[in-house]
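**Student:** here's my sequence, what's the structure:
(one chain, ligands or ions: 1)
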Amino acid sequence: MSFDQDELRGEVTRGARALVVCPDIRGVHYDIGIEARLEEARGLALAIGIVIADSFSLPIREVRPNTLFGAGQVENIGIACEQTDAELVIVDGALSPIQQRNLEEKLERKVIDRTGLILEIFGERAATAEGRLQVELAHLDYQQSRLVRSWTHLERQRGGFGFLGGPGETQIEADRRMIRQRMARLRKELEQVRKTRALHRERRGRAPWPVVALVGYTNAGKSTLFNRLTGAGVMAEDLLFATLDPTMRSISLPGVEKAILSDTVGFISDLPTQLVAAFRATLEEVTAADVILHVRDISNPDTAAQKAEVVEILRDLGVIEGEDTLIPIIEVWNKCDLLPENERAELVPGVAEDDTTVAMSALTGEGVDELLVLLGELLTGKARTHSFSIPVAHGRRIAWLYSHGEVLVDEEGGAGKDGPLRTITVRLNPKEFGQFENIDE
Ligand SMILES: Nc1nc2c(ncn2[C@@H]2O[C@H](COP(=O)(O)OP(=O)(O)OP(=O)(O)O)[C@@H](O)[C@H]2O)c(=O)[nH]1
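**Tutor:** Numbers count the residues shown, from 1 in each chain. Prediction:
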């Protein structure tokens with residue numbers, strides 16, 4: 001195989017020192033302000049263990065097709081790299097393959113753009129089979145576009161120059177073909193995974209404990225909360241857990257011996273469209289959770305817009321349908337410590353009236369106990385009423401409902417494709433509701 005598979009992954013290494021540059025292009029609409037964009041870009045880089053040597057924004061009046069930035073700006077980036085010892089430049093915007101190559105040559109450093117950076121993060125976080133496949137597919141797609149248009153560079157690398165349309169070009173063609181073949185294979189595998197869909201059931205079936213999933217906008221404080229909830233005292237079994245999957249840990253909650261806390265990839269503004277499918281797939285595991293903690297940075301001026309985006313994705317994933325949430329969601333109003341005194345007094349600490357909101361600070365720890373109590377209640381005591389339409393022939397499922405839940409109504413419910421139905425209304429807590437889905441006929 002002539003194409004180096006490693007080229008497709010691992011654009012950046014953990015611990016690399018990077019300069020983060022945020023281009024502010026005149027006439028381009030960004031969802032959030034330049035300071036917030038810079039903050040987000042820094043957060044993204046930190047999320048995959050990059051050390052930030054420096055970060056700044058650069059106004060661009062006119063996009064240069066070859067380098068994006070103007071000549072003077074490129075020079076300044078180079079100087080900043082020298083001064084801060086940066087070995088990597090992250091451009092928080094889209095670079096064409098040509099721009100990326102040219103910047104790399106001029107700066108004599110690796111340069112990655114926003115899509116490349118986000119792909120790295122997704123690659124690290126993808127927890128399900130579908131997520132991993134989607135991320136690899138997006139990576140190949142990205143890589144493919146780079147190959148096509150930067151062929152002169154690769155040709156030179158391979159010593160193919162001198163022959164017009166000669167070996168160099170053939171090499172590129174071969175690389176492209178290989179990528180296409182790999183992509184076709186991945187698509188097939190994806191189809192397979194989707195067909196079986198046993199994924200989540202299997203995952204749920206395997207986990208004897210309830211699962212609590214953290215979702216939220218990037219920089220909302222998910223990791224900080226994750227670390228606070230999982231605490232300093234890491235038990236041996238947790239270490240094993242942490243090695244297997246660093247985004248999952250066990251926690252104990254009032255009334256619940258053990259629950260699993262699962263972190264997910266953060267939501268990102270202006271997500272490049274080619275990454276949307278991969279992003280959703282990395283979040284699929286959320287649909288297997290018993291409770292979702294939606295972490296919000298309540299001190300952020302864009303907090304309402306960020307919430308709307310998160311809700312939209314949860315809708316797409318089928319977690320929210322119309323007015324109903326199929327998995328209970330607790331809104332964590334994080335970073336309360338940053339609110340002005342008068343606003344804080346109304347919120348902190350604790351639980352708001354609707355009992356699905358907790359105001360807290362993952363940094364100072366205020367409100368954490370209230371959150372734990374609410375979580376414990378949701379996972380144990382707080383049963384909810386559900387209505388199921390079940391074929392009479394599915395005796396085991398019906399018997400299970402009687403033995404585990406509190407059946408309120410049980411009546412004839414017409415006929416379905418598996419014969420006569422019963423409509424059973426029953427009170428189940430979230431854990432039992434999850435278990436019920438796994439009961440065979
Ligand atoms: N003042 C304050 N800062 C906080 C709080 N929680 C988190 N932070 C800070 O916010 C920044 C982002 O926190 P993270 O926990 O990394 O955010 P995240 O949601 O995991 O971000 P991604 O990994 O990008 O999704 C860090 O600098 C935290 O120290 C809080 O309650 N109060």
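**Student:** what residue is smack in the middle of this structure?
**Tutor:** residue 265 (2.4 Å; C-alpha atoms, centre = their mean).
**Student:** where along the stretch 51-200 of the chain do the strands fall?
**Tutor:** Under the criterion DSSP state E, counting those that start in this stretch, the stretch 51-200 of the chain contains strands at 51-60, 88-91, 110-113.
**Student:** closest to the ligand out of those strands?
**Tutor:** Closest approach to the ligand among the strands of the stretch 51-200 of the chain is made by strand 51-60 (11.7 Å; C-beta to the nearest ligand atom). Backbone N, C-alpha and C define where each C-beta goes, glycine included.
**Student:** tell me the mean pLDDT over that closest one?
**Tutor:** Averaged across strand 51-60, the pLDDT comes to 95.
**Student:** buried set for that strand?
**Tutor:** For strand 51-60, a neighbour-count test (16 or more other C-beta atoms under 10 Å) marks 52, 53, 55, 57, 58, 60 as buried.
**Student:** so what sits opposite the residue nearest to residue 298 when sequence neighbours are not counted in the bridge?
**Tutor:** In space, residue 298 comes closest to residue 333 once its chain neighbours are excluded; the distance is 4.1 Å by C-beta to C-beta, 6 or more residues apart in numbering. Counting by DSSP bridges, residue 333 forms beta bridges with residue 296, residue 359.
**Student:** repeat that for residue 388.
**Tutor:** Beta-bridge partners for residue 388, by DSSP bridges, are residue 424.
**Student:** pLDDT score for it?
**Tutor:** Per-residue pLDDT puts residue 388 at 86.
**Student:** kindly report the same for residue 353.
**Tutor:** 46.
**Student:** and for the residue of the stretch 201-350 of the chain found nearest the ligand, nearest residue in space, chain neighbours not counted?
**Tutor:** Closest residue of the stretch 201-350 of the chain to the ligand, C-beta to the nearest ligand atom: residue 266 (2.2 Å). Nearest in space to residue 266, with sequence neighbours left out and distances taken as C-beta to C-beta, 6+ apart, is residue 218 at 3.3 Å.
**Student:** how much space between that neighbour and residue 271?
**Tutor:** 10 Å (C-beta to C-beta, to the nearest Å).
**Student:** and these two? Which one has more around it.
**Tutor:** Remark: of residue 218 and residue 271, residue 218 carries more neighbours, 20 against 16, as counted by other C-beta atoms under 10 Å.
**Student:** what sits against the more buried one?
**Tutor:** 40, 43, 44, 47, 266, 267, 268 (C-beta atoms under 8 Å, 6 or more residues apart in numbering).
**Student:** OK, contacts around the fourth one?
**Tutor:** Contacts of residue 47 were listed using C-beta under 8 Å, 6+ apart, and they are 121, 218, 223, 266.
**Student:** farthest-separated two in those residues?
**Tutor:** Across these, the longest distance by C-beta to C-beta is 12.2 Å; it joins 121 and 223.
**Student:** quick revisit: does the residue nearest to the centre of the chain sit in a helix, a strand or a coil?
**Tutor:** coil (DSSP: H, G, I helix; E, B strand; the rest coil).
**Student:** that one reaches residue 281, doesn't it?
**Tutor:** No: using C-beta atoms under 8 Å, residue 265 makes no contact with residue 281, being 10.2 Å away.
**Student:** name the nearest residue to residue 428, ignoring sequence neighbours.
**Tutor:** Per C-beta to C-beta, 6+ apart, closest to residue 428 is residue 405, 4.5 Å.
**Student:** so where's the stretch 101-250 of the chain shaky on pLDDT?
**Tutor:** Where the stretch 101-250 of the chain drops to pLDDT under 70, the residues are 127-129, 147-172, 193-208, 232-247.
**Student:** and the stretch 201-350 of the chain, which of its residues are near the ligand?
**Tutor:** 216, 218-224, 266, 334-335, 337-338 (C-beta under 6 Å from any ligand atom).
**Student:** could I get those as CSV with secondary structure?
**Tutor:** Converted to CSV, those look like this (three-state DSSP):
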residue, secondary structure
216, strand
218, coil
219, coil
220, coil
221, coil
222, helix
223, helix
224, helix
266, coil
334, strand
335, coil
337, helix
338, helix
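**Student:** adding distance to residue 410 as columns, could you present those residues in JSON lines?
**Tutor:** Listed next are these as JSON lines, based on distance: C-beta to C-beta, whole Å:
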{"residue": "216", "distance to residue 410": "40"}
{"residue": "218", "distance to residue 410": "47"}
{"residue": "219", "distance to residue 410": "49"}
{"residue": "220", "distance to residue 410": "43"}
{"residue": "221", "distance to residue 410": "45"}
{"residue": "222", "distance to residue 410": "42"}
{"residue": "223", "distance to residue 410": "46"}
{"residue": "224", "distance to residue 410": "47"}
{"residue": "266", "distance to residue 410": "44"}
{"residue": "334", "distance to residue 410": "43"}
{"residue": "335", "distance to residue 410": "47"}
{"residue": "337", "distance to residue 410": "50"}
{"residue": "338", "distance to residue 410": "51"}
